[in-house]
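> here is my input; please provide its structure:
(2 chains)
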Amino acid sequence: MLSSTPVRRLREGRFRLAAALVALGFTLVVLALLRLQVVDHETYTELSKENRVRLEVLRAPRGAIFDRHGELLADSAPNFSILFRPFPSESVAAALVSQSERWIRRVANLVELDTADVRGRVRDASRSGQSVVFRRNAPVAMRAAVEEMKSELPGLEVQVEPLRHYPNGTLAAHLLGYAGEINEAELDSLSDGGYRSGDLIGRTGIERRYEDMLRGRDGAEFVVVNAMGKRVSTLSEGPPQRPEAGHNLYLTVDLGVQRAMEDAMANVERGAAVALDPRDGGILGMVSRPAFDPNEISRGMSWDRWKQLSEGGANPFLNRALQGVYPPGSTFKIVSMLAALRFGVARADTRLAPCTGRYVFGDRPFACWRPAGHGVLDFIEALQNSCDVYFYQLGPRIGLPHLAETARALGLGDRTGVDLPQERRGLVPDEAWYDRHWGAGRWRKGTMLNLVIGQGELLVTPLQLALMTAEVANSGRVVRPHAVARAGDLPAFRPERPTQAGLEADAAAWSAVHAGLEKAVDAGTGTAARVPGIEVAGKTGTAQNPHGQPHAVFVCYAPAEHPTIVLAFMIENSGHGGSVAAPLAAQILRHVFLPDSLQPKFHPARIAPDTLVELQHAD
Amino acid sequence: MPTRVRLRLPDLDLPLALAAIGLVVFGLLVVYSATSVPGAHQGLWTRQLMWAGVAFGAAWIAASIPYRAYDSLAWPLYGISLLGLVLVLVIGTSTMGAKRWIHLGPLQFQPSELAKIATVLLLARRLDHPKLDLRKLRYWFPPLLLTLIPFVLVAREPDLGTALSFPVVLITLYFWAGMPAGNLLLGLSPVFNAALFMVTGSLGWFAGVLIVMLGVIRPKLTTLLVVLAINGAVSYALPHVWNHLADYQKRRIETFVNPGNDPYGAGYQIIQSRIAIGSGGVLGKGYLKGSQKALSFLPMRHTDFIYSVVGEELGFLGALTVVILYAVVVLRGFRLAMVARNGFASLMAAGLVAALFYHIMVNMLMTVGWAPVTGLPLPLLSYGGTALLVNGVQLGLLQNVALRRQEI
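Residues are numbered from 1 along each chain as shown, chains lettered A, B, ... in the order given. Down below sits the predicted model:
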């Protein structure tokens, strides 16, 4: 077998082929060597002598953000940075110049930093070989001065970098978020994402959620520089990589609606408002108060200023529309009513014992918001007038499991899945939750009476309230709130689909709830939201809370027949929903639906904590 | 029943031995030069000298043990090396983003190196079969599976450069064991398909290549249909899979396939390497006189980019000498595979040489800028103790085949 000829012949054939391949491989190497060392020898000798090759980053512009009509909301403007580029190790003379006291003093003077700071940064840069920024967003005069003195101050350079710019300032600041310079910790954890020192990174809002799309991809080119760091030419053979711009994003936001909301909320100290399109869940506008100016952050905010802003009583960086959780107050009666109708506890025409202004359960009295009482009401009138006593009587009959299930089916107590970061869940307590917190069987009495009117442990975000209202306006069809409608150059991009099923209820139940909501605005607790010519359906709420005045709550949709907009308001510690929040809805709806000529001149009163507006007609 | 064989120098493959020793000596001199610049690596050549001694001893031992022993130890060795590969993913230390090393006290080693040799041994054992017919699934499929496991494990480290040496070995051994070249090419066609798509971004190129291939090879109808079906499926799936990836995922794959795309790291090194080699000219700048090397522009000048130092200081003549020495090693190695006494020895030799050749090519073509930066050192020349030890074992095994080719 060993010397059998077929095997031998096979191996000889294989050897010849293998040898040919090996020869081919080594020939390739020799050809490459000949090209480098013989043909292009001169060029490389030049390069190796006094010049050196440096890599220059060509920054990719970050994608811009537009509203649904193409109005600009965020883009990148050129920004001039003054930086120090360290010298290669062989340029000892040049490096010594930049370490000299005179150099440091002149540079410190020029860029308005103290000398110790400049010295430290130069040392760091020399050690790491990476350039270091002295001054971001340098004023024109400073830039001109640096350009003029550059030759005397080797290593000092002016660099153009894109700076994030938000033309409308605080408008929709929480929704858009902001992009800031990447910090050390982020660089460490994201190094494989191709981030480098000096890069912008989205920190909150759309800027953060869509970081991957907005960012783009930096390019690079090899440039030949002399020993003093002066650029001599670009290297033709290095692969110059064009930067790839980030994708532009088109939001569902309507700048007109957003403006109207900003105006309406102008005098609110703390609170949030959300506008949704109930047909697809697109966010038409989102306001949170207090607000911040993202431009201030992209220009470089000092640590002190940051602390001053974020550590005050009201953190402006918190997006209260989805990070603030509040008791829903009487807006939750929509949920209670649907639960009662779905599970056969009551019908639209059910009349219960008359409201006398108070209701005794066990040995404890529960008050209606209207001390005089509402008398005998049917279900629709009970919602219209937000009669607490009517709902107290239903509470124990609905039962916690049915109520909690209905609330969750309407999107309360869980993240809505909106394409914005750091959304909070809120809380819809169920029996398991109460057992955990109070001990099994120790909590039943009175709990349901608080829950059916939206008090107790319930916590919701304003966005959840808006989603709930949209689902009611849609008679149970669920939508997924989202802020980005389209991404430029990405035709395949689609907003995500809802993951929940929505709420099942029969047509009679829906028409009863719709009727109650329409009547509430027509002639109930929400009349301040009336807009001539437009049928508005809404529900007021006044959320008791341990922090002082109640929060004013209001949700509505319009036009009632074919809703195209849903609004939700949460105005912290300001009083009653009917008097404080409902008028804001009217103001926004007038802007949305009425032509300019019909806009009334409106001067909203200052709405602030502890200035409860006395009103006979609260809910 | 091991037969005791005295190692007799006349049976040694002398050109192979001399070329290998020449390369190691050459490597020591260049490592000395590359680390002669004051800095962190100064004086490393003494450690390299010590390792050269160790490697020589290892080669001696590897050559002494009759290869029948390797044949029977193939499975346990393979098992141990897979264990090592899993272990390195769990407890390995990472350098530059990849987990490749296991530390054992003062020693550190790369399980992938052991896995490479063990896989060669096991594939040689499996393919040395009297009834071997590589057209049948039960013969060609098990080796494929045995190769895929270490390939995937090493690729996950991630170390694509080393991982690819496994399929290179497999293909070489298929070929060496007698698989018709046409079948081999057709079997590889989905891989070409994917690779061409990645490079050109269109499937048109591949369709052309496939048609030419089929025209030349003219396979049986059933084979033809299978090949067309598989390639069709791959062509259909690829763009869909690709388009559904997020941008950053695509970017990661691109950098994985071609690290040279990252101009901030790898591209810079290539440029510096080319400048060093190019400025060396025909005669070089003279031993110890390289300037690019001295300026620390070549960050891994004593390991991955040692060939650039050769090119700069010793010029085209020095670089050519290295090429010739390697060509002697590889060609003598394949010759041993041809004249080996039995099938196992022949396949073992072919597999070992193929792995060696792959490493040489990938490193050399990288330093001249014709291949992506993969972080593979140059065998025998680069600084690196365990790599040298493993190369010693590989060459010892080749000499083993040489020493026993007369034994009956």
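> drop to CA atoms for contacts and neighbour counts, all remaining ones
Noted.
> and whichever strand or helix holds A:T540, how far out from the chain middle?
Per DSSP states H and E, A:T540 falls inside strand A:537-543. Distance, stretch centre to chain centre, for strand A:537-543: 26 Å (C-alpha atoms, centre = their mean, to the nearest Å).
> one more: stretch A:138-147?
Stretch A:138-147 sits 35 Å away from the centroid of its parent chain (C-alpha atoms, centre = their mean).
> any idea of the mean pLDDT in it?
For stretch A:138-147, mean pLDDT rounds to 84.
> do the same with stretch A:472-492
Across stretch A:472-492, pLDDT averages out at 92.
> tell me how far whichever residue of the stretch 51-200 of chain B sits closest to chain A lies from B:N400.
With C-alpha to the nearest C-alpha as the measure, B:W176 is the residue of the stretch 51-200 of chain B nearest to chain A, at 6.4 Å. Distance from B:W176 to B:N400, counting by C-alpha to C-alpha, to the nearest Å: 19 Å.
> and if you look at B:L186?
In terms of C-alpha to C-alpha, B:L186 sits 35 Å off from B:N400.
> who has more neighbours, these two?
Applying other C-alpha atoms under 10 Å in any protein chain shown to B:L186 and B:N400 shows that B:N400 carries more neighbours, namely 28 against 21.
> tell me the secondary structure for the more buried one?
In terms of secondary structure, B:N400 is helix; the call rests on DSSP: H, G, I helix; E, B strand; the rest coil.
> likewise for A:V479?
Note that with three-state DSSP, the state of A:V479 is coil.
> same thing with B:I21?
Using three-state DSSP, the structure places B:I21 in helix.
> and for it, the neighbour number?
17.
> distance check, it against B:N391.
When B:I21 is compared with B:N391 (using C-alpha to C-alpha), they lie 11 Å apart.
> same deal with B:L14?
17 Å.
> those two - which one has more neighbours?
B:N391 (23 against 14).
> pull the contacting residues for the more buried one.
B:N391 is in contact with B:55, B:379-380, counting by C-alpha atoms under 8 Å, 6 or more residues apart in numbering or on different chains.
> repeat that for A:D349.
A:378-380.
> helices of the stretch 151-300 of chain B, residue ranges please.
B:160-163, B:165-176, B:181-200, B:204-217, B:221-243, B:247-257, B:268-280, B:291-294 (DSSP state H, counting those that start in this stretch).
> now do the longest one: which elements does it pack against?
In other words, helix B:221-243. If contacts are counted by 3 or more C-alpha pairs under 8 Å, 6 or more residues apart in numbering or on different chains; DSSP states H and E, helix B:221-243 sits against helix B:181-200.
> who are the packing partners of the longest strand along chain A?
Determined from DSSP state E, the single longest strand within chain A is strand A:72-84. The helices and strands touching strand A:72-84, judged by 3+ C-alpha pairs under 8 Å, 6+ apart, are strand A:65-66, strand A:132-135, helix A:140-149, strand A:156-165.
> swap the cut-off to 7 Å and go again
Strand A:72-84 sits against strand A:65-66, strand A:132-135, strand A:156-165, with contacts defined as 3 or more C-alpha pairs under 7 Å, 6 or more residues apart in numbering or on different chains; DSSP states H and E.
> adjacent strands (with direction) for the longest one?
Think strand A:156-165. According to DSSP bridges, strand A:156-165 forms sheet pairs with strand A:72-84 (antiparallel).
> repeat for the first one
Sheet pairing for strand A:65-66, assigned by DSSP bridges, gives strand A:72-84 (antiparallel), strand A:249-251 (parallel).
> next helix or strand past the shortest one?
Towards the C-terminus, the helix or strand next in line after strand A:249-251, according to DSSP H and E, is helix A:255-264.
> give me the mean pLDDT for that following helix.
The average pLDDT within helix A:255-264 is 94.
> parallel or antiparallel, which strands does whichever helix or strand comes after it pair with?
Next helix or strand after helix A:255-264 toward the C-terminus (DSSP H and E): strand A:271-276. On the basis of DSSP bridges, the sheet neighbours of strand A:271-276 come out as strand A:283-289 (antiparallel), strand A:565-571 (antiparallel).
> CA atoms only: put strand A:271-276 into PDB for me.
Backbone C-alpha positions of strand A:271-276 (Å, rounded to 0.1, in the frame of the first residue of the first chain) are rendered in PDB as follows:
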ATOM      1  CA  GLY A 271     -46.200  69.800  34.700                       C
ATOM      2  CA  ALA A 272     -46.500  68.100  31.300                       C
ATOM      3  CA  ALA A 273     -48.800  68.000  28.300                       C
ATOM      4  CA  VAL A 274     -49.000  65.400  25.500                       C
ATOM      5  CA  ALA A 275     -50.800  65.500  22.200                       C
ATOM      6  CA  LEU A 276     -51.300  62.300  20.200                       C
END
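> nearest spatial neighbour of the residue of the stretch 51-200 of chain B closest to chain A, chain-adjacent residues omitted?
A:R14 (6.4 Å; C-alpha to C-alpha, 6 or more residues apart in numbering or on different chains).
> so the one you found: helix, strand or coil?
Using three-state DSSP, the secondary structure recorded for A:R14 is helix.
> got the confidence number for it?
90.
> tilt between the helix or strand encompassing B:M348 and helix B:165-176?
Secondary-structure element containing B:M348, defined by DSSP H and E: helix B:343-367. Between helix B:343-367 and helix B:165-176, the angle comes out at 130 degrees (axes from the mean of the first three to the mean of the last three C-alpha atoms, to 10 degrees).
> and helix B:343-367, what other elements does it pack with?
Here helix B:343-367 touches helix A:5-34, helix B:111-127, helix B:165-176, helix B:268-280, helix B:306-339, helix B:385-403, going by 3+ C-alpha pairs under 7 Å, 6+ apart.
> kindly recompute the last result at 6 Å.
With contacts taken as 3 or more C-alpha pairs under 6 Å, 6 or more residues apart in numbering or on different chains; DSSP states H and E, helix B:343-367 sits against helix B:111-127, helix B:165-176, helix B:306-339.
> pipe the ones you listed into TSV and attach mean pLDDT per row.
Compiled in TSV, the helices and strands packed on helix B:343-367 are given as follows (pLDDT from 0 to 100):
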stretch	mean pLDDT
helix B:111-127	93
helix B:165-176	93
helix B:306-339	94
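> could you dump the ones you listed to TSV with mean neighbour count?
Below are the helices and strands packed on helix B:343-367 laid out as TSV (neighbours: other C-alpha atoms under 10 Å in any protein chain shown):
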stretch	mean neighbour count
helix B:111-127	24
helix B:165-176	22
helix B:306-339	24
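> burial-wise, tell me which of the strands paired with strand A:65-66 comes out on top.
Mean neighbours per residue, mean count of other C-alpha atoms under 10 Å in any protein chain shown, is largest over those for strand A:249-251, with a mean of 25.
> tell me the mean pLDDT for that strand?
95.
> just stretch A:56-73 next, same as before
Averaged over stretch A:56-73, pLDDT sits at 88.
> same deal with stretch A:200-212?
If you average the pLDDT over stretch A:200-212, you get 91.
> residue contacts, the residue in the stretch 301-408 of chain B that chain A sits nearest to?
Minimum separation of the stretch 301-408 of chain B from chain A (C-alpha to the nearest C-alpha) falls at B:M338, amounting to 5.4 Å. By C-alpha atoms under 6 Å, 6 or more residues apart in numbering or on different chains, the residues touching B:M338 are A:R11.
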